[in-house]
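S.K.: what follows is a predicted structure for the sequence shown.
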Amino acid sequence: MRRFSRTERGLHWIHASAFFALLATGMILYVPYLGEVVARRPLVKEAHLLTAVAWAAALTAVVVLGDRRGLRRTLRELDAFDADDRRWLRHGRAPQGRFNAGQKLNVALTAAFALLFAVSGTLLWLGERDTTFRFDGTIVLHDGLTLLSVGLLTGHLYLALLHPTTRHALRGVTRGDVRVDWAREHHAKWVDGTPGPRA
Amino acid sequence: METSSSPGSDARPYGRRAFLAVTALGLTSLAWGRPAWQALSGATRPLTDALPASLVPTSGWRIYTVASSMPVFDPATWRLRVDGMVGSPQSFSYADLRALPRAEQVSTFHCVTGWSVANVRWAGVRLSTLLDRVEAQTAASVLSVVSAELPYVDTLTVEQARLHDVMLAYEMDGRPLARVHGAPVRLVIPQMYGYKNVKWVERITLGRAAEPGYWEQQGYDTDAWVGASNGL
């Protein structure tokens, strides 16, 4: 059955590929050893900044051109934690909708991190040009977010690629659909109730 | 149509709360992030010290460069030229420089972007020693410090250059200066932000006036006093 619309999958993969590109270029800017080997800091910095602009532009384009009504419905789903979700967070077991409570939290954190990355990155860029935008904690925030994001991503990749009972979810975000028996096992309330996304 | 997984009456908006709480925490950290990070890295010091400093900047150093390649130090060919308004222009080899009176100091390095490295042990030659050696003319008021990493250059007044804690350092923390820190010599002026502390120094020219330095051309202060310049 259909789990993710093309719009949702587009947003996921734009964010994922931009994250890896930004992580790679960011590591060259951050890790002394890589900085010495690559040594082309101004070029890498340009690439890092252009990737960030491309990321924001691509996300905006997909939202504007994609299924916005579907996205609004998905946002409402992600926002709402019902009694079962709260039970799931406490005990790890309770019937779940299209997103389980952990996935909802992951989206909230990822969205907040993305916003904070964009704000702190913009401040780093502006601060090089105007002292008004220079803050004591900007660089700590940008670095700290990297550390936290890599932690979150590691868990995400483990569940998506390795963990036997959850990795079927990868098919949902690549092809769009998942097996009904798997959905019944992990997202019972979704199978029983909610219509899936169109397209 | 109300379905079992759409928001029912028992649903609470934890999603947006989590998003807003994390965003607010992150934004306020612009104010408290730095002291918190320093406290944290102090507590995890034994752990992070075990990691090679070239992999993780645990020592606090970040390597900023402006050119498309990093200068390579060759002791056989390397020279430091000191010229301009001086009685005796000279070209120092690495050995010449090491033969000059050695000075040592422990000082804290502050970067204008908000990071600092406390208690760095430097060894090198006082800039005032060097200026005396080349017989700097009394009419000379400014010096340009030119990096092998072109177009990086910065300037100091002669008065600033003669401050007691200003040196051309060839050792850092007991070792010859590493390539990423400006081998073989970098300028150290702890009372000013890092961009005045030119790495890979290969020429010092004295004069009555000087072209603005690399970062000064992009709007940074010429007198980069720590805590009293660049809006900080």
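M.R.: Noted; the coordinates are in hand.

S.K.: lowest-pLDDT helix or strand in the chain?
M.R.: Unless you meant another one, I'm taking chain A. helix A:32-38 (a mean of 86; mean pLDDT, DSSP states H and E).

S.K.: not quite, I wanted chain B
M.R.: helix B:45-49 (a mean of 70).

S.K.: before we move on, the earlier item: got the buried residues for the least confident helix or strand of chain A?
M.R.: A:Pro32, A:Tyr33, A:Leu34, A:Gly35, A:Val38 (16 or more other C-beta atoms under 10 Å in any protein chain shown). No exception for glycine: its C-beta is placed from N, CA and C like everyone else's.

S.K.: my guess is the first one contacts B:Val180. True?
M.R.: To tie it back to what came earlier, the one meant is A:Pro32. Yes - contact status for A:Pro32 versus B:Val180: in contact at 5.5 Å, counting by C-beta atoms under 8 Å.

S.K.: identify the contacts common to these two.
M.R.: Shared contacts of A:Pro32 and B:Val180, defined by C-beta atoms under 8 Å, 6 or more residues apart in numbering or on different chains, are found at B:Trp61, B:Ile63.

S.K.: go through chain A and flag its longest helix.
M.R.: helix A:101-127 (DSSP state H).

S.K.: and chain B, by the same measure?
M.R.: Under DSSP H, chain B gives helix B:14-43 as its longest helix.

S.K.: can you show me the helices along the chain?
M.R.: Just so you know, I chose chain A. A:6-30, A:32-38, A:41-65, A:68-79, A:83-91, A:101-127, A:138-157, A:169-174, A:180-186, A:188-192.

S.K.: please go with chain B instead
M.R.: B:14-43, B:45-49, B:94-99, B:127-133, B:158-161.

S.K.: just the buried residues of the longest one, please?
M.R.: Yep, that's helix B:14-43 we're talking about. B:Tyr14, B:Gly15, B:Ala18, B:Phe19, B:Val22, B:Thr23, B:Gly26, B:Ser29, B:Leu30, B:Gly33, B:Arg34, B:Trp37.

S.K.: and chain A, which of the residues you listed reach it?
M.R.: Filtering the buried residues of helix B:14-43 for neighbours of chain A using C-beta under 8 Å from any C-beta of the partner chain leaves B:Tyr14, B:Gly15, B:Ala18, B:Phe19, B:Val22, B:Thr23, B:Gly26, B:Ser29, B:Leu30, B:Gly33, B:Arg34, B:Trp37.

S.K.: give me the pLDDT value at the most far-flung residue of chain A relative to its centre.
M.R.: Relative to the C-alpha centroid of chain A, counting by C-alpha atoms, centre = their mean, A:Thr131 is the outermost residue, at 31.7 Å. In this model, A:Thr131 is scored at 78, pLDDT.

S.K.: which residues of the chain score low on pLDDT?
M.R.: All of this is about chain A. A:194-199 (pLDDT under 70).

S.K.: the intended chain is chain B.
M.R.: Those would be B:1-9, B:45, B:48-49, B:53-58, if you go by pLDDT under 70 across chain B.

S.K.: pretty sure A:Trp55 sits against A:Ala16.
M.R.: No - the criterion here is C-beta under 8 Å, and A:Trp55 misses it with A:Ala16 at 10.4 Å.

S.K.: among the two, which residue is more densely surrounded?
M.R.: Set A:Trp55 next to A:Ala16 and count neighbours by other C-beta atoms under 10 Å in any protein chain shown: A:Trp55 wins out with 20 against 13.

S.K.: what residues are up against that one?
M.R.: A:Ile14, A:His15, A:Ala18, A:Leu22.

S.K.: neighbours of the residue lying closest to the last one once chain neighbours are set aside, how many?
M.R.: It refers to A:Leu22. Leaving aside its chain neighbours, A:Leu22 sits nearest to A:Thr51 (5.4 Å; criterion: C-beta to C-beta, 6 or more residues apart in numbering or on different chains). For A:Thr51, the count of nearby residues is 20 (other C-beta under 10 Å).

S.K.: likewise for B:Ala76?
M.R.: 6.

S.K.: how near is it to A:Arg72?
M.R.: Between B:Ala76 and A:Arg72 the distance is 69 Å, computed by C-beta to C-beta, to the nearest Å.

S.K.: ditto for B:Val125
M.R.: Distance from B:Val125 to A:Arg72, by C-beta to C-beta: 67 Å.

S.K.: the two: which is more packed in?
M.R.: B:Val125 (22 against 10).

S.K.: beta partners of B:Glu171?
M.R.: B:Glu171 has the following beta-bridge partners by DSSP bridges: B:Ala123, B:Pro176.
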